[in-house]
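Engineer: curious how this folds, go ahead:
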Amino acid sequence: MTSKLLSELNAEHFKNAVIILDIDGAIVPDKTSDISAAAERFVKLLAETNEVHLVSNGKRHERNAKLAHRLGFIYLKIKAAVLSSLSETNFSRTASWPCA
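Structural biologist: Numbering: from 1, shown residues only. Okay, here's the model as predicted:
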């Protein structure tokens, strides 16, 4: 499996897919609330032709809800056990946003 940074991906290659994006360390740097303009554009472009969901195993629910609202998504507060089972799934593609 090859990992790529989200900035290396072409959002137009993703059509009619369900995309799950981790908030912390993927679209925003860990422990911050700031999403870069490039990451915001990319996520919104993905959402134009795909079903996009944001997930986080963090407990900063207020921050996550604000970010979801800013991006035009519904925020669902769920238990970490559900996300733990997702993290054990072997996905065919993984990517992360360059947060440094």
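
Engineer: can we go C-alpha only for contacts and neighbour counts from here?
Structural biologist: Will do.

Engineer: quickly find the element holding the most centrally placed residue in the chain.
Structural biologist: Closest residue to the average C-alpha location of the chain: Leu21 at 2.2 Å, with CA atoms, centre = their mean. Element membership of Leu21 [criterion: DSSP states H and E] is strand 18-22.

Engineer: go through that strand and flag the buried ones.
Structural biologist: Ile19, Leu21, Asp22 (16 or more other CA atoms under 10 Å).

Engineer: which one among those gets closest to Glu40?
Structural biologist: Leu21 (12.1 Å; CA to CA).

Engineer: hmm, the closest one is touching Val28, no?
Structural biologist: No. Assessed by CA atoms under 8 Å, Leu21 is found out of contact with Val28, at 10.5 Å.

Engineer: next one: the host helix or strand of Arg70 to chain centre, how far?
Structural biologist: In the assignment (DSSP H and E), Arg70 maps to helix 61-71. Computed by CA atoms, centre = their mean, to the nearest Å, the chain-centroid distance of helix 61-71 equals 12 Å.

Engineer: and it, what other elements does it pack with?
Structural biologist: Other helices and strands packing on helix 61-71, by 3 or more CA pairs under 8 Å, 6 or more residues apart in numbering; DSSP states H and E, are helix 37-49.

Engineer: circling back to that earlier point, just the buried positions in the helix holding Arg70, please.
Structural biologist: Asn64, Ala65, Leu67, Ala68, Leu71.

Engineer: pLDDT score for the first one?
Structural biologist: Pointing back at Asn64 there. With respect to pLDDT, Asn64 scores 87.

Engineer: so how far is Arg63 from the closest residue to it other than its chain neighbours?
Structural biologist: Ranked by CA to CA, 6 or more residues apart in numbering and with sequence neighbours excluded, the top spatial neighbour of Asn64 is Tyr75, at 7.2 Å. As judged by CA to CA, to the nearest Å, Tyr75 and Arg63 stand 10 Å apart.
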